[in-house]
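Q: Pasting the sequence and the predicted coordinates here, then a few questions.
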Amino acid sequence: SLTVPLMSAMGSTRQPVLALLLMLAALVIVTGYTSINAIVKAELFPTNVRALGVGLPYALTVAIFGGSSEYFALWLKEAGHEQVFFYYVAGCVLVSLVLGIALALLLDRPFFGRGVVRTMLITPFLIMPVASALLWKTSMLNPTYGLVDAVLGPIGLGGIDWVGQYPMTSVLIALVWRWTPFMMLIVLAGLQSQPRDVLEAAKVDGATAWQAFRYLTLPFLRRYIQLAGLLGSIYVVNTFDEIFMLTQGGPGIATTNLPYYLYQRVFQGFDVGQAAALGVVVVILTIIVATFALRAIFTAVSGREVSE
C-alpha cells in the first residue's frame, strides 16, 4: 500500500533535479560550442584546421583551458558599461511601467472614443524600431526643424542638439515611447480581469479612489506588473536599433550597451573570440535575471491560488 505514495514522492523529488540537469546540459552545449567555434576562428589554430569550419575534437582541450582568456579580457574591457546597463534597464523599464500603468487606468474607464485612443496609444509599439529611431532623430529631436524645438522654442529652450548634448536622454526617450504601450497592454489586461464587485463594495464602504487603487487594484496587479517588468527588462537589454540610429554608441561609450558593443567587436574590431565570449555572458545574465523573476512570479501566483 506504500508503493504508490513512495513512487510519487520519489518522482516529485526527481523532477527539479532533472530540470536542473537539462538546463545545465543545454548551457554547457551552448557555451561550449560557442567558445570552441570562436577559438577555431580566432587564429589560435593553423589555417588548415580553421578551414574545416569546426575542428571540434582538436579544439576541445585548448577551448577548456585557453578560452578563459577571452572572458578575462572581456571583464577588463566591460568596466565602463555597468552604468549604461543600469540606465537602460532601470530608466526605461521604470518610466515605461509607470506611464503604462497610468494609461491603463485611463483606458479602463469608459469614455467616448476609447477605442480610437487605445489604437493610437498602441501604435508606437507596432512601428519598426529603426523607423521609430529615425523618426525621433529627424522629425522630433532635430535642433533646426524638429517638433521638440518648435514646441520649446517660444519659451527660450529651442536650438538644443538633444542627440549631441544629451545622448542617453535621447535614447531613453525613444525607448520609453516605444515600450510604454507594451506595458500598458499587460497592465490593462490585468485591470479588465479584476472583479468589479470588489471595487463596488469598497466604494459602498466609503473608500476613496486612491484607497481602492492602493489596497485593492495595486495588489491585484502585482503579477502583471512583475511580468511586464521581466519582459521589458529582457527586451531592453537587447536594444540595438535605437542606439545604432541615434548615437552609434557615442560619444565614446556613453550609450554603448552589450549588444551594440558585441556588434562593434565583430564588425568594427573583427575580434570574433571576444564577441563570442560577450554573447555567452549576455545569455547567462539573461537566464539569471529571467530565473529569479519567473520564480517570483510563480511564487506570487501560487500563493494567490492557495489563498483563494
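A: Here it is on my side, so go on.
Q: From here on, just use CA atoms for contacts and neighbour counts.
A: Fine.
Q: what's the neighbour count on Gly206?
A: Residues lying near Gly206 (other Cα atoms under 10 Å) number 11.
Q: With Tyr215 instead?
A: 12.
Q: Same check on Ser96?
A: Counted with other Cα under 10 Å, Ser96 comes out at 27.
Q: mind exporting the helix or strand containing it as PDB, just the C-alpha atoms?
A: Per DSSP states H and E: Ser96 is located in helix 93-107. What follows is helix 93-107, C-alpha atoms only, in PDB (Å, rounded to 0.1, in the frame of the first residue of the first chain):
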ATOM      1  CA  VAL A  93      11.600  50.000 -17.700                       C
ATOM      2  CA  LEU A  94      10.600  52.000 -14.600                       C
ATOM      3  CA  VAL A  95       9.400  55.100 -16.600                       C
ATOM      4  CA  SER A  96       7.600  52.900 -19.200                       C
ATOM      5  CA  LEU A  97       6.000  50.900 -16.400                       C
ATOM      6  CA  VAL A  98       4.700  54.000 -14.600                       C
ATOM      7  CA  LEU A  99       3.400  55.600 -17.700                       C
ATOM      8  CA  GLY A 100       1.900  52.200 -18.800                       C
ATOM      9  CA  ILE A 101       0.000  51.900 -15.500                       C
ATOM     10  CA  ALA A 102      -1.300  55.500 -15.800                       C
ATOM     11  CA  LEU A 103      -2.500  55.000 -19.400                       C
ATOM     12  CA  ALA A 104      -4.100  51.600 -18.500                       C
ATOM     13  CA  LEU A 105      -6.000  53.200 -15.600                       C
ATOM     14  CA  LEU A 106      -7.200  55.800 -18.100                       C
ATOM     15  CA  LEU A 107      -8.300  53.300 -20.700                       C
END
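Q: who touches it?
A: Contacts of helix 93-107 from elsewhere in the structure, counted by Cα atoms under 8 Å, 6 or more residues apart in numbering, are 114, 118, 176-177, 179-185, 187-188, 191, 225, 228-229, 232-233, 236.
Q: Restrict the following helix or strand past that helix to CA atoms and write it as CSV.
A: Downstream of helix 93-107, the next assigned helix or strand under DSSP H and E is helix 114-126. This file holds the C-alpha atoms of helix 114-126, laid out as CSV (Å, rounded to 0.1, in the frame of the first residue of the first chain):
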residue,chain,number,x,y,z
ARG,A,114,-11.9,55.0,-26.1
GLY,A,115,-11.3,52.5,-28.9
VAL,A,116,-9.7,55.2,-31.1
VAL,A,117,-7.5,56.4,-28.2
ARG,A,118,-6.4,52.9,-27.4
THR,A,119,-5.5,52.2,-31.0
MET,A,120,-3.4,55.4,-31.2
LEU,A,121,-1.6,54.6,-27.9
ILE,A,122,-0.7,51.1,-29.2
THR,A,123,0.7,52.5,-32.5
PRO,A,124,4.3,53.3,-31.2
PHE,A,125,4.8,49.6,-30.3
LEU,A,126,3.8,48.5,-33.8
